[in-house]
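# everything below, folded, please.
(chains A, B, C and D)
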There are 2 protein chains.
Amino acid sequence: MIEASVKEEMKSIDTSSLVDRVEANLVGLLQQRKLKVGDAIPKEIELAETLGVSRTVIREALLRLRVMGLIESKKKKGAVITSPDLFGIIDKSMNPYILDQETLKDMFELRLVLEIGMADFIFHRVKKEDIDELKKIVSNEPHETEHYLFNIEHEIAFHGKLYEITGNNTLKKFQKLLLPIFDYVHHSGLLKKPANTKRFVSHKGLVDIIENGSPELFRNAMRNHLGNHFARIFE
Amino acid sequence: MIEASVKEEMKSIDTSSLVDRVEANLVGLLQQRKLKVGDAIPKEIELAETLGVSRTVIREALLRLRVMGLIESKKKKGAVITSPDLFGIIDKSMNPYILDQETLKDMFELRLVLEIGMADFIFHRVKKEDIDELKKIVSNEPHETEHYLFNIEHEIAFHGKLYEITGNNTLKKFQKLLLPIFDYVHHSGLLKKPANTKRFVSHKGLVDIIENGSPELFRNAMRNHLGNHFARIFE
DNA sequence: ACCTTCATTATGTCATACATAATACCTAAA
DNA sequence: TTTAGGTATTATGTATGACATAATGAAGGT
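Here you go, the predicted structure:
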C-alpha cells in the first residue's frame, strides 16, 4: 500500500506533452503582458529555434491559440495577438446537433435566467430612442399579440433589442449564441408539455414597464411573460 | 465597375483552406449523427487516404476538434467522440490577464444577472438538505455577517451552493468560470467606486427567503444583497 | 505618378521517418 | 490453470526537409 503523502508527491510528475508546454509558455507571454493586442509574435522558425523544438510542435501550439482566439495568423505577416472573442470561440461547437440533451435543456433555462436577471441593466441604460424602437417593434407585431402563436422572428426582434439595451456586449453575443439552441429545444420533443399560446404579459406590457415602471416590476413581468417556457420545464 | 449581381456570384468562390474543408467535413459527420459519443473515428492515416490529403492536414483538423472539445485522442486508441463541455473549452482563454477590460466588466455584470435571474430554478428544485447545508455555511461565517468585509471564500461557498441548487450544470460551470474574473475585477481598479462594506440583505436573510418566501421576494433580496456591486457599476 | 512585375518572406501543405505510449498477445512461473 | 510480466503491435506524437501559396514591398516600365 502506498501512503497518501507519497501519492501526493507522485502526481506531480510532468505528464504534459511537448506541445502542452510550448502552449503554456506562449500563453504565459500573453499573461505577462509582454505582448499587447496587435503585436506580432515571432516567426514559427524563430520560435522553434529559440525553444529548441521542431516547427511541427510550434505550429500545433500556435494552432491551439488560434482556435482559442488568442492570435490570428496571416500569410506573410506572421501571427498577431488578438483580443479573444469568448463566444465566437464556442460558436462552432455550439451546435444543437452536437450537444447532448442535458446541455441543451440547460441552455434553454439559461436564457430565461438571463432575461429576468438583466432588468437593472436595462433600466439603468435605456435611452429614449430605445423605447421608441421597442414600440415600433411591438407595433409591427400581429394585432392579437396576446394570443398569437410563438413567432420566432418577432421574438428575436423584441428580445434581441432588450439585450442590446443592457449595453453588455458579451451578454448580447451570448444571446446570439443561445438563439439557435433555444429554437431547437422549443421545437424538438425535449420538453414534454406542448407550448401554450396563452400569455399573460405581452411585449407591449413589458415596454410600458420599462417606460414607467421599475426593475422589480420588470422582473416579475418578464417572469410572467416567459411563463409558458417555465411551465414546459417545470411541468 | 462591377455589377452587384456579379459581385454576389463572386463571393461564392471557395476561399477556405484545405484544413477548413476537412474540418467541416468531420463536423458534418458529427452533426449527421453518423457518429455517437464514445465512437472512435478513423485513424489519421485512413482519413488522410480517404480524403486524399496529407496526414498533416488531418492532424490539424482533428486538433481543432480537440481544442473545441468535440473529440479526445488517446495514444493507441485513436480519437473518440466526446460530448463537448462548452465552458471547459473557453476555460483556458478565459484568463483575466488576457481578456480586455470591456469584456471583464461584462463578465462581472453577467454574474449579477445570473444570480438574480435564477430565483425560480432555486425555488423549484431546492431540497430540504440544501437548505440545511446553506444554514451550515452561513453559521460558519463570521458573526458580524452584516458588516464584514467581502470574504471571498465564504462568498464562493454560499453563492456556489445556490448555483448548485438550480440543478443546471451548465450554469454551475459558467459560474466556476466567472469566479476568477469576478475576483480580478473586484480587486483591480476597473471599477471606480471602492467596495462598500455596508450590506442590506445578508446571506442568512437569503436563506430565510428560500425557506419561507417566493422567487419574487428572492430576486429583490438578491438584488439588494448585491447592491454594493451594482453601486460600483452604476456609480 | 501609376500600374505592373518580380523577388522575398512566412505560413500552408506534403512526405517520410522515428519516438512514445497504450493495448493485446504470449510466455513463463506459481 | 491462473496470473504476472514481458514483448509485439499500433496509432498518435515529434522531427526534418521540401515545396506551394499568398501577401508584401521594391524595382522597373509606361
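
# now do the biggest helix by length in chain A against helix B:169-187: the angle between them, please.
Across chain A, the helix with the greatest residue count (assigned by DSSP state H) is helix A:169-187. Calculated by axes from the mean of the first three to the mean of the last three Cα atoms, to 10 degrees, helix A:169-187 forms an angle of 170 degrees with helix B:169-187.

# in helix A:169-187, what counts as buried?
A:169-175, A:177-179, A:181-186 (16 or more other Cβ atoms under 10 Å in any protein chain shown). For the C-beta atoms, the positions are set from N, CA and C on the backbone; glycine is no exception.

# in the residues you listed, which has the lowest confidence score?
Lowest pLDDT among the buried residues of helix A:169-187: residue A:186, with 79.

# picking up where we left off before, what does the longest helix of chain A rub up against?
Residues from elsewhere that reach helix A:169-187 (Cβ atoms under 8 Å, 6 or more residues apart in numbering or on different chains): A:85-88, A:90-91, A:94-96, A:99, A:104-105, A:107-108, A:110-111, A:114, A:118, A:121, A:150, A:152, A:156, A:159-160, A:163-164, A:166, A:191, A:195, B:102-103, B:106-107, B:109-110, B:113.

# now with 7 Å?
Contact with helix A:169-187 is made by A:86-87, A:91, A:94, A:96, A:104-105, A:107-108, A:110-111, A:114, A:118, A:152, A:156, A:160, A:163-164, A:191, B:102-103, B:106-107, B:110, B:113, as judged by Cβ atoms under 7 Å, 6 or more residues apart in numbering or on different chains.

# what does stretch A:210-228 give?
For stretch A:210-228, using Cβ under 7 Å, 6+ apart, the contacting residues are A:112, A:115-116, A:119-120, A:122-123, A:126, A:131, A:195-196, A:199-201, A:205-206, A:209, B:120, B:216, B:219-220.

# now with 8 Å, please.
Here stretch A:210-228 makes contact (Cβ under 8 Å, 6+ apart) with A:112, A:115-117, A:119-120, A:122-123, A:126, A:131, A:134, A:195-196, A:198-203, A:205-206, A:209, A:230, B:116, B:120, B:215-216, B:219-220, B:223.

# before we move on, what about stretch A:151-165?
With Cβ under 8 Å, 6+ apart, stretch A:151-165 has contacts from A:115, A:118, A:121-122, A:125-126, A:130, A:133-134, A:137-138, A:140-142, A:171-172, A:175, A:179, A:183, A:203.

# report the buried members of those residues.
Those of the contacts of stretch A:151-165 that meet the buried threshold are A:115, A:118, A:121-122, A:126, A:130, A:133-134, A:137-138, A:141, A:171-172, A:175, A:179, A:183, A:203, by 16+ other Cβ under 10 Å.

# tell me which of those fall in strands.
Taking DSSP state E, every one of the buried ones among the contacts of stretch A:151-165 sits outside strands.

# which of the residues you listed fall within helices?
Per DSSP H, the buried ones among the contacts of stretch A:151-165 map to helices at A:115, A:121-122, A:130, A:133-134, A:137-138, A:171-172, A:175, A:179, A:183, A:203.
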